[in-house]
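Student: I'd like to go over a predicted model; first the sequence, then the structure.
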Amino acid sequence: MAPEMAGGGKRTWWWKRRAAVFLGVAIALGVWAGSHCYFRRENMIKAEEALVSMCEERARMIQDQFAVSVNHVHALGILISTFYYRKQPPALDQETFAYYTAKTAFERPLLNGVAYAERVVHSQREMFETRQGWTIMTMKREPSSMQDEYAPVIYSQETVSYIGAIDMMSGEEDRENILRARATGKAVLTKPFRLLESNHLGVVLTFPVYHSSLSEDATVEQRVEATAGYLGGAFDVESLVENLLKQLAGNQDIMVNVYDVTNASEPLIMYGPQNPDGYMPLSHVSMLDFGDPFRKHQMQCRYREKPPLPLSAITTPFGIFVIIMLGGYIVFAAKNHYDNVKEDCRKMEELKVQAEAADVAKSQFLATVSHEIRTPMNGVLGMLDMLLDTDLNLTQKDFAQTAQVCGKALISLINEVLDRAKIEAGKLEIEAVPFDLRSILDDVISLFSSKSREKGIELAVFVSDEVPEVVTGDPGRFRQIITNLVGNSVKFTERGHIFVQVHLAEISNLGVDRKVYSGLNGQAQSDKELLMPNEFDTLSGCEAADTRNNWEHFKMLLSDEQFSSDASRSKMAPDKGPDNVTLIVSVEDTGIGIPLCAQDRVFTPFMQADSSTSRNYGGTGIGLSITKCLVELMGGQISFISRPNVGSTFTFTAVFKRCSKDAIADTKRILSESLPTGFVGTKAFIVDRKPIRSSVTKYHLKRLGIASEVARTVKNALIALAGRNGSLKTGRQPYIFLVEKDSWYSGADVYLHDQLLLLKQNGCIVELPKVILLVTCESDKTKTGSFFDTVIMKPLRASTIAACLQHVLGVEKQQKKEMLNGPANLHSLLAGKNILVVDDNRVNLRVAAAALKKYGARVECAESGKYALSLLKLPHKFDACFMDVQMPEMDGFEATRQIRIMESKANSHIRSSGASPQGEDFGMAEWHLPILAMTADVIQATYEECMKCGMDGYVSKPFEEQQLYQAVAKFLVSKPNPDS
């Protein structure tokens, strides 16, 4: 038995050895083939270089010959200018011209003939025809119709005498050539065509003749005014190329084609066969410059036959083959080592797969744990909401509000961890719904208004007029990005400002790809006298990290947007622009900045600048990493510029879709609180010595329909107001003064009051304007005195300004219908509606039921999907159902599918028999119960999964008023208001 096993092993070894020999031979053959290909390639490279050299040489010679002919035509033009226009009487006539051109034809062997056409304007036509004794004719030999000017041929060589008296401007291409020639002062060419006598391919050369010499930098108008006529000739391109090729060595080796490539998509043949032959893989194209700035020509060269293969391309590879065979043993020994390494790599791949699976499992576990933590937290917040709706004393209300704030902070942290888990699991997706971008920015600013007032920092937002009012995208994720960036800025900024800007990316030059600029920032020379020492021309006067964020750049940006707006209105009709709009958003602060050593890990999850950052300011270091992922999901990029102890500027782009007019109207009606319209036509003066800050104020006033002017000082504003005394009879009088706190000074109240009274006495104004002070912090509000009609606390929002102005001016509030927002609208939708709430968690069930009852709904609860099915057997009384998606026994998805199956069967029966399954008519054409998904997490229950099982929408727990309204407004009809 042992000998047999030994024999089998020997045979196996022999086969392995034989296989190794065959492998060695195959490798040697492969190297031989590779080296052979290498030498062939080298030979082809040398052949290509030779072809390039020959082609370039021929191109140069053709250009030189063509230039010689053009020079002779130029000389002929000088002769005409001298003897016909500068001699009185002219020393040149048709007979002399024909004789001279015939005798000098040897100087122009490539021109079939030349002719001269005089420029005649319409007012001179009758006198010209009388002098010549013939009528100007068109190309069709018909009398020329009335035109602004003509170009009749008065002199021609005998070979082209048939074109005499013909108006060369009556031909479309000839007219184009004449206009181009006189505008440039250079010889211009036509497209190639067949010449009459030789039938060769050629072109017509047109050269302008001027009354007098012109400078090289003469304008087009000067050239047109000085034009006397046009000298033209038919150029034989085929003869030129053929004669030159015959003179050159190696002409038999290559083939040449000449093309007119003015229209690159449809090149025109000028020389050579229409369908090129020869060895096409090797070819070269040389550009030809015939002096015409408007037409392009090229020469294509190629070999007639494939270049021969040298002997070294065969012998050298064979020598290499022999050497490799001698090293076969070394290769055989290396194979064993290779097998060992390969096995190690296989094991490493297995370990990598296991590690990736563990990472995914970790992310899924993190998401599940986050969900389980968030579910009871939602119950806590819901109960606190209900508690705050009850009658509490001040101490109890303070305790409940504090608990609610802490709970929301914990929910926010859980949401960030959950988002990170979704990103790692690849399940984070972006919605596409219409939303009002400006309203979201106002909401975010209001979140941080109290902190900015406590710190005394400027917090402002500016949105370009070119940014659409409503766009389609993910409002929640956009809000999350802005909240993260502004929250970080508020956290790390103790003085100065935080400025959010939104512009169109195609207009803004605040590019995402940036670098840190050194030097001082923002001191515009034109406004330097208005700045305090060590003050910069930024929003607050503090230095910003990005040196381009100053008034000069901001002013240039606004002018570019105005130009772009005018251009777009003149070029396209409304709603005809591109579907996508790319916005660029920058969040600038003057905080502590980011240390240079930490800037490369800013977007790394759970990383902060150093340990003291978390100790002093709090946070987990996860917000910016999530922000970067969200920006990339929106099709954009994010970058930043930061300088320690100066500040940071984060900039990102995002791609949204434009909305139709119907979608914009629906969004205004459903998603956003409309601004008052009673201020349209009102005028205001803004007194502010910082131009960027005044532009922000002007932006908010413009949203309310208030026209405003900016004055740097109170004195300038009064001068401007006095200069409008003529507006009393023609329009409304400016009656609002908005004064910045740092533009106010001691004694200004007395001065302003006296001047306004003087203007009123002089009849410049009818009534005293209202004076409003703009302040940044609470302490400034207490120091204002009684002169001002009111004080507006920053940050500015259009709705805040509107409320203050309504109070000060006594403007009538908006109509009742417009003022119905939030709870009023929601109450009108839910009042009297029968709602079924399905959730296995009793606490969440109570919270959801109480929230819906608060808005007047009649609520019934079910703790399982099976019980919900029993309640929803047809016919039922419910108007809508809120369904939890994660429940034992039967989850919300399965319950929804079962409900839809029941409805489908009932609807089929109704359509076939016209009655309900129970034989009664319930007044319903078809059954379809609006079902809205409820969950504390969307990683397992995405919007697509809800739609797939038949749900109609989605709401998160606990209910948020705005989201709940958006969800139910699509399905429920509000009851009419009896008071309206």
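Tutor: That came in fine, so what should we check first? From a predicted model like this one, the values you see are computed outputs, not experimental measurements.
Student: Show me which positions of the strand ranked longest in the chain end up buried.
Tutor: Counting by DSSP state E, the longest strand found in the chain is strand 647-658. Judged by neighbour count using 16 or more other CB atoms under 10 Å, the buried positions of strand 647-658 are 647-654, 656, 658. Glycine gets a C-beta too; all of them are placed from N, C-alpha and C.
Student: As CSV, those residues with pLDDT would be great.
Tutor: Listed next are the buried residues of strand 647-658 as CSV, based on pLDDT from 0 to 100:
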residue, pLDDT
G647, 92
S648, 93
T649, 93
F650, 94
T651, 93
F652, 94
T653, 94
A654, 94
F656, 94
R658, 89
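Student: need the next SSE after the helix or strand bottoming out on mean pLDDT in the chain, C-terminal direction.
Tutor: Here the helix or strand of the chain ranked lowest by mean pLDDT, DSSP states H and E is helix 816-819, holding a mean of 39. Later in the chain than helix 816-819, the nearest helix or strand by DSSP states H and E is helix 823-830.
Student: which residue ranges form the helices in the stretch 701-850 of the chain?
Tutor: Taking DSSP state H, counting those that start in this stretch as the criterion, the stretch 701-850 of the chain carries its helices at 714-722, 748-761, 778-782, 798-809, 816-819, 823-830, 842-853.
Student: So what touches the second one?
Tutor: The set of residues external to helix 748-761 that reach it, using CB atoms under 8 Å, 6 or more residues apart in numbering, is 714, 718, 721-722, 737, 765-769, 771, 785, 787.
Student: hmm, back to that, of all the helices of the stretch 701-850 of the chain, which one comes closest to I323?
Tutor: helix 842-853 (80.2 Å; CB to CB).
Student: Given the very next helix or strand once past the closest one, what are its sheet partners and their directions?
Tutor: Once the chain leaves helix 842-853, the next helix or strand it forms, by DSSP H and E, is strand 858-862. Here strand 858-862 is paired, per DSSP bridges, with strand 834-838 (parallel).
Student: Now do the strand it pairs with: distance to the chain's middle.
Tutor: Strand 834-838 sits 45 Å away from the centroid of its parent chain (CA atoms, centre = their mean, to the nearest Å).
Student: CA atoms only for that strand, dumped as PDB, please.
Tutor: Taking Å, rounded to 0.1, in the frame of the first residue of the first chain, the C-alpha atoms of strand 834-838 are listed here in PDB:
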ATOM      1  CA  ASN A 834     -62.700  60.500  14.400                       C
ATOM      2  CA  ILE A 835     -59.000  59.400  14.700                       C
ATOM      3  CA  LEU A 836     -57.700  56.000  15.500                       C
ATOM      4  CA  VAL A 837     -54.300  55.800  17.200                       C
ATOM      5  CA  VAL A 838     -52.500  52.500  17.200                       C
END
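Student: okay if I get the helices of the stretch 701-850 of the chain as TSV plus mean neighbour count and distance to P281?
Tutor: Formatted as TSV, these follow (neighbours: other CB atoms under 10 Å; distance: least, CB to CB, whole Å):
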stretch	mean neighbour count	distance to P281
helix 714-722	18	76
helix 748-761	14	85
helix 778-782	13	80
helix 798-809	18	68
helix 816-819	11	75
helix 823-830	19	74
helix 842-853	19	74
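Student: Comparing those by mean pLDDT, which bottoms out?
Tutor: Lowest mean pLDDT of the helices of the stretch 701-850 of the chain: helix 816-819, a mean of 39.
Student: Contacts only, for the spatially closest residue to V241 that is not a sequence neighbour.
Tutor: Residue nearest to V241 in three dimensions, not counting chain neighbours: Y271, with 4.5 Å by CB to CB, 6 or more residues apart in numbering. Each residue near Y271 by CB under 8 Å, 6+ apart is listed here: 201, 237-238, 241-242, 256-258.
Student: Filter the residues you listed down to the buried ones.
Tutor: Buried among the contacts of Y271 (16+ other CB under 10 Å): 201, 237-238, 241, 256-258.
Student: Quick one: neighbours of V369, just the number.
Tutor: 14 (other CB atoms under 10 Å).
Student: Against which helices or strands is the helix or strand in which it is found packed?
Tutor: If you go by DSSP H and E, V369 is part of helix 328-388. If contacts are counted by 3 or more CB pairs under 8 Å, 6 or more residues apart in numbering; DSSP states H and E, helix 328-388 sits against helix 2-80, helix 394-425, helix 842-853.
Student: Buried deepest among the ones you listed, which one?
Tutor: Mean neighbours per residue, mean count of other CB atoms under 10 Å, is largest over those for helix 842-853, with a mean of 19.
Student: So which residue is smack in the middle of the protein?
Tutor: Centrality entry for the chain: nearest residue to the mean C-alpha point is T582, 3.3 Å, by CA atoms, centre = their mean.
Student: shouldn't Y116 be in contact with Q157?
Tutor: No: if you go by CB atoms under 8 Å, Y116 and Q157 don't touch, sitting 9.6 Å apart.
Student: overlap in contacts of those two?
Tutor: F97.
Student: These two: who's more crowded?
Tutor: When neighbours are counted by other CB under 10 Å, Y116 and Q157 differ, and Y116 comes out ahead with 27 against 24.
Student: give me phi/psi at the residue nearest to that one when sequence neighbours are not counted?
Tutor: Distances taken as CB to CB, 6+ apart put Y155 closest to Y116, at 4.2 Å, once the chain neighbours are dropped. Here is the backbone geometry of Y155 (degrees, to the nearest 10): phi -130, psi 140.
Student: Please determine how far Y155 is located from I163.
Tutor: Relative to I163, Y155 is positioned 11 Å away (CB to CB, to the nearest Å).
Student: Now do the shared contacts for the two.
Tutor: Contacts common to Y155 and I163, judged by CB under 8 Å, 6+ apart, are A115.
Student: More neighbours: these two, which one.
Tutor: When Y155 and I163 are compared for neighbours, Y155 comes out ahead with 24 against 17, by other CB under 10 Å.
Student: quick one on the thing from earlier: surely the residue nearest to the centre of the chain and V655 touch.
Tutor: Yes: with contact defined as CB under 8 Å, T582 counts as touching V655 (5.2 Å).
Student: Between those two, which contacts overlap?
Tutor: Joint contacts of T582 and V655 (CB under 8 Å, 6+ apart) are 635-636.
Student: just how off-centre is stretch 151-164 within its chain?
Tutor: Worked out by CA atoms, centre = their mean, stretch 151-164 lies 58 Å from the chain centre.
Student: got the buried residues for it?
Tutor: So for stretch 151-164, counting by 16+ other CB under 10 Å, buried means 151-157, 159-160, 163-164.
Student: Could you identify the most distant pair in these?
Tutor: Pairwise distances across those (CB to CB) peak at 19.8 Å, for the pair A151 and T159.
Student: quick revisit: what's the distance between the residue nearest to Y116 and F83?
Tutor: 11 Å.
Student: Likewise for A831?
Tutor: Distance from A831 to F83, counting by CB to CB: 102 Å.
Student: coming back round to it: which of the buried residues of strand 647-658 lies closest to C55?
Tutor: C55 lies nearest to T653 out of the buried residues of strand 647-658, by CB to CB, at 46.9 Å.
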